[in-house]
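Trainee: generate coordinates for the sequence data below:
(one chain, ligands or ions: 1)
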Amino acid sequence: MCGIVAVTGYKKALPLLMNGLEKLEYRGYDSAGIAIVNSETKNITCNKAEGKLKNLIKNLNDKNMPGTVGIGHTRWATHGKPEIKNAHPHTNSSGTIAVVQNGIIENFQDLKNKLQKEGVIFNSDTDTEVIPHLIQRELNTLSKLNLDKNGSTLLVAVRNVISDLEGSYALAVLWADAPTSLVVARRQAPLIIGLGEGEFICASDTPAIANFTNIILPMEDEEIALLTPLGIEIYDSNNERQYRSPVSLKVSEQIMDKMNFKHYMLKEIYDQPETAKNWLKNYLIKDLENGQYQINYPFDTKFFESIERIEIIACGTSKHAAMVGKFLLEQFSGIPTNVFYASEFRYSPPPLLPNTLTIGVTQSGETADTIAAIDMEIKRRSSKEDKKFTPNLIAITNRKESSIGRQVLNIIDICAGIEVGVAATKTFFGQLLSFYGLAIKFAQIKGTQGSDEIDKLITELIKLPPLIEDLLEQHNESSEKLAHDFFNIKDVIFLGRGINYPIALEGALKLKEISYIHAAGYPAGEMKHGPIALLDKKVPVISIASPGQVFDKVISNAQEAKARDSFMIGIAPECNGTEIFDYLMKIPSSTEWVSPLLNIVPLQLLSYHIAAHRGLDVDQPRNLAKSVTVE
Ligand code: F6R
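Mentor: Sure, this is the predicted structure:
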């Protein structure tokens, strides 16, 4: 989604902004722009381009943009098409104020109507453009008070404007009359200030900052700040000055390196053994007294004892991880669990039930719907006097420093390292592992599984890293070959049952989002209730058949598909029954419990190779964003 970079200091702003924007590309965008203020001439120069940053760079080649204070933006279209006129920065009519914004101003139409009645002419279809015009109006009013034309005056003007905005925003503002100052503000959209040497750089995400400094100050919700080369002033929504210490960026948040891989996505698929090792190292500890393994989540788990049910809130791939989590929490740990799309939960939450644990799952920690749904749940539970309704919260994320990290105290940080590819792979894997940890923890506390069963599961988890390494080695080339045959395919069906039904959904999502091939996942038993009508020899079926309680059923469902001439691909160990598959992607034998962690790997590889073979932008698929910070 949209990314913001803003800089003030003593160094030339242009290279700092461009470097920052490059690091935000992975979030997904369809146009970009920058504005820099020249402190000598007190002029703001803007440059914008449709499409990728290389177009903006081409535009800039013949332009001199001196100045040490500037703002930059990558735009993911919400209001208005991805055209130059809608690209940020947006300015007031005289071009003396420039604004970049991330988020959605929900009442922009009302504000725009009022401004138009006052004679303001708009040049874009965006919601953002109301902001510079409103700031201009405020500055006009403030000028009657004879305030100096400086950063503090701009701060007052921006504060007055944002109090009229509804919706979410992270924004950065330049004013030609205060040419060394920057004002930044956030509500429900991330903004982080980096403290560099001779410059302050503010951005939507840490990669844009990591090249300059590893000392950061994440802004809290509803804060506004004035940045000048001399320092930072941060204020909360009550206009109270905030003082707090900066924090260090973790090394994993600083590294964005493709190594020798062609795409980040492939590298990140290959990072999964490391993700497993990290999880095991961080969260599995052996009790020296009794030799038993314990899950060592970094919060007090005493409240687990009173938990009677669980609700999980997530979107997209994270929801698929949550569905595997539901299976484990119900079938392994015996706790009734429901999974909700965050976007649905917000507007139709279930009736409140007591003693509930709410789990938010989001790799980015910034998904607007997930953050808002958790916020709503905290509020409606906190409004009850009965202690049984107290919000009990856990968040599973890869970005501890994100919005969910500040919203929820109990964090399971999946420590997968930064994921650049828009398609989630290693973070999905880390989310799955987090649920195995929760299921083991609950089973131990509630006594729903004997210690043998728990030990068996833990032993399998410990063996994961080399197993995943083998799977990668075994399937990378073969899935590349298979991708050649699938190159022109139009539809693919994914089937799974039980704990592997969410893996069928995830396999289908991975394929469609990066290869633009239509794919759908179904519980295998549901095929005959409708989707089987889609099948013929042009529609391959990928069937996940892990030995366990539903193995025979999945094989018979696969037979039904084969009888309709579909090319059948099996994700299964080589065993009786799997000979019906035209092509078998072999999986090592395991219990059904851990099978999702193995089955997902060849599906990720196959999607990757199909998209790469089609010559598509695998890491930044069209229309998609890594951090979905709007509703
Ligand atoms: C798919 C994908 C998306 C995200 C979804 C939620 O590969 O990445 O479906 O899973 O946008 O994102 P997070 O996990 O950041 O809340």
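Trainee: tell me the spacing between the residue of the chain found nearest the ligand and V601.
Mentor: Per CB to the nearest ligand atom, G316 is where the chain lies closest to the ligand, at 2.0 Å. Placement of C-beta: from N, CA and C, glycine included. Applying CB to CB, to the nearest Å, the value for G316 to V601 is 19 Å.
Trainee: and these two? Which one has more around it.
Mentor: Using other CB atoms under 10 Å as the criterion, G316 and V601 rank with V601 on top: 27 against 21.
Trainee: show the pLDDT at that one.
Mentor: pLDDT for V601: 98.
Trainee: quick one: the strands in the stretch 101-250 of the chain?
Mentor: Counting by DSSP state E, counting those that start in this stretch, the stretch 101-250 of the chain has strands at residues 167-175, 182-187, 192-195, 199-203, 215-218, 224-228, 231-235, 241-242, 247-248.
Trainee: make CSV out of those and add mean neighbour count and distance to the ligand.
Mentor: Formatted as CSV, the strands of the stretch 101-250 of the chain follow (neighbours: other CB atoms under 10 Å; distance: least, CB to the nearest ligand atom, whole Å):
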stretch, mean neighbour count, distance to the ligand
strand 167-175, 26, 15
strand 182-187, 26, 18
strand 192-195, 23, 16
strand 199-203, 26, 18
strand 215-218, 20, 17
strand 224-228, 23, 25
strand 231-235, 16, 26
strand 241-242, 12, 27
strand 247-248, 12, 21
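Trainee: any chance of those strands in CSV, with mean pLDDT too?
Mentor: Below are the strands of the stretch 101-250 of the chain laid out as CSV (pLDDT from 0 to 100):
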stretch, mean pLDDT
strand 167-175, 93
strand 182-187, 96
strand 192-195, 94
strand 199-203, 94
strand 215-218, 92
strand 224-228, 96
strand 231-235, 95
strand 241-242, 96
strand 247-248, 90
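Trainee: of the ones you listed, which is nearest I514?
Mentor: For the strands of the stretch 101-250 of the chain, proximity to I514 was assessed by CB to CB; strand 199-203 is nearest, at 25.9 Å.
Trainee: residues contacting the closest one, please?
Mentor: The list of residues contacting strand 199-203 from outside it, by CB atoms under 8 Å, 6 or more residues apart in numbering, reads 3-11, 16, 20, 24, 68, 172, 182, 184, 191-194, 208-209, 212-213, 225, 227, 229, 232.
Trainee: strand partners (parallel or antiparallel) of that strand?
Mentor: In the sheet, strand 199-203 lines up against strand 3-9 (antiparallel), strand 192-195 (antiparallel) (DSSP bridges).
Trainee: centre of the chain to the longest one, how far?
Mentor: Translated: strand 3-9. 21 Å (CA atoms, centre = their mean, to the nearest Å).
Trainee: immediately after it, which helix or strand?
Mentor: Using DSSP states H and E, the helix or strand that follows strand 3-9 towards the C-terminus is helix 13-24.
Trainee: which helices and strands sit right next to that next one?
Mentor: Applying 3 or more CB pairs under 8 Å, 6 or more residues apart in numbering; DSSP states H and E, we find helix 13-24 packed against strand 3-9, strand 31-38, helix 53-60, strand 69-75, strand 199-203, helix 207-210.
Trainee: what angle do that helix and helix 53-60 make?
Mentor: Helix 13-24 and helix 53-60 are oriented at 170 degrees to each other (axes from the mean of the first three to the mean of the last three CA atoms, to 10 degrees).
Trainee: just the CA atoms of helix 13-24, as PDB, please.
Mentor: Taking C-alpha atoms only, helix 13-24 is exported to PDB below (Å, rounded to 0.1, in the frame of the first residue of the first chain):
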ATOM      1  CA  ALA A  13      17.100  15.300   0.200                       C
ATOM      2  CA  LEU A  14      16.700  13.800  -3.300                       C
ATOM      3  CA  PRO A  15      18.900  10.700  -2.900                       C
ATOM      4  CA  LEU A  16      17.600  10.000   0.600                       C
ATOM      5  CA  LEU A  17      14.000  10.100  -0.600                       C
ATOM      6  CA  MET A  18      14.700   7.900  -3.700                       C
ATOM      7  CA  ASN A  19      16.600   5.400  -1.600                       C
ATOM      8  CA  GLY A  20      13.700   5.300   0.900                       C
ATOM      9  CA  LEU A  21      11.100   5.000  -1.800                       C
ATOM     10  CA  GLU A  22      13.000   2.000  -3.400                       C
ATOM     11  CA  LYS A  23      12.800   0.300  -0.100                       C
ATOM     12  CA  LEU A  24       9.100   0.800   0.100                       C
END
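Trainee: perfect, I'm done here.
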